[in-house]
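K.L.:
Have a look at this fold, sequence not included:
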């Protein structure tokens, strides 16, 4: 019985490697150009839809922060 539990925890802790921001952006743009829904595109490309939406949210936040920095730069 103990072997079952130890194997369970080994499987549960396996993670996919991190995807660099540049690759996230490329994948998001590929999805948008595909004409498929985000969900369907993710399923077709073996990407967890939740992970995909986290990338979109994070990149959108970074983009908004970058735009704000540009506005402040031009004001000064």
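P.N.:
Here it is on my side, so go on. Given the structure is predicted, the values throughout are model-derived calculations rather than measurements.
K.L.:
host element of the spatially closest residue to residue 49 that is not a sequence neighbour?
P.N.:
Nearest in space to residue 49, with sequence neighbours left out and distances taken as Cβ to Cβ, 6 or more residues apart in numbering, is residue 42 at 4.4 Å. Every C-beta, even on glycine, is put in place using the N, C-alpha and C of the backbone. For residue 42, the element it lies in under DSSP states H and E is helix 38-44.
K.L.:
tell me the mean pLDDT over that helix?
P.N.:
Averaging pLDDT along helix 38-44 gives 97.
K.L.:
List the contacts of that helix.
P.N.:
The contact list for helix 38-44, computed with Cβ atoms under 8 Å, 6 or more residues apart in numbering, reads 30, 31, 34, 36, 48, 49, 52, 53, 56.
K.L.:
Kindly reformat these as a markdown table containing neighbour count.
P.N.:
Below are those laid out as a markdown table (neighbours: other Cβ atoms under 10 Å):
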| residue | neighbour count |
| --- | --- |
| 30 | 11 |
| 31 | 22 |
| 34 | 13 |
| 36 | 14 |
| 48 | 11 |
| 49 | 14 |
| 52 | 19 |
| 53 | 13 |
| 56 | 16 |
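K.L.:
The residues you listed: which two are farthest apart?
P.N.:
34 and 48 (17.2 Å; Cβ to Cβ).
K.L.:
Closest to the centroid, which residue in the chain?
P.N.:
Centroid check for the chain by Cα atoms, centre = their mean gives residue 55 as the closest residue, at 3.0 Å.
K.L.:
List the residues that contact that residue.
P.N.:
Shown in contact with residue 55 (Cβ under 8 Å, 6+ apart): 19, 24, 27, 28.
K.L.:
Serialize those residues to a markdown table and add fields for secondary structure and distance to residue 66.
P.N.:
What follows is the contacts of residue 55, written out as a markdown table (DSSP: H, G, I helix; E, B strand; the rest coil; distance: Cβ to Cβ, whole Å):
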| residue | secondary structure | distance to residue 66 |
| --- | --- | --- |
| 19 | coil | 20 |
| 24 | helix | 15 |
| 27 | helix | 20 |
| 28 | helix | 16 |
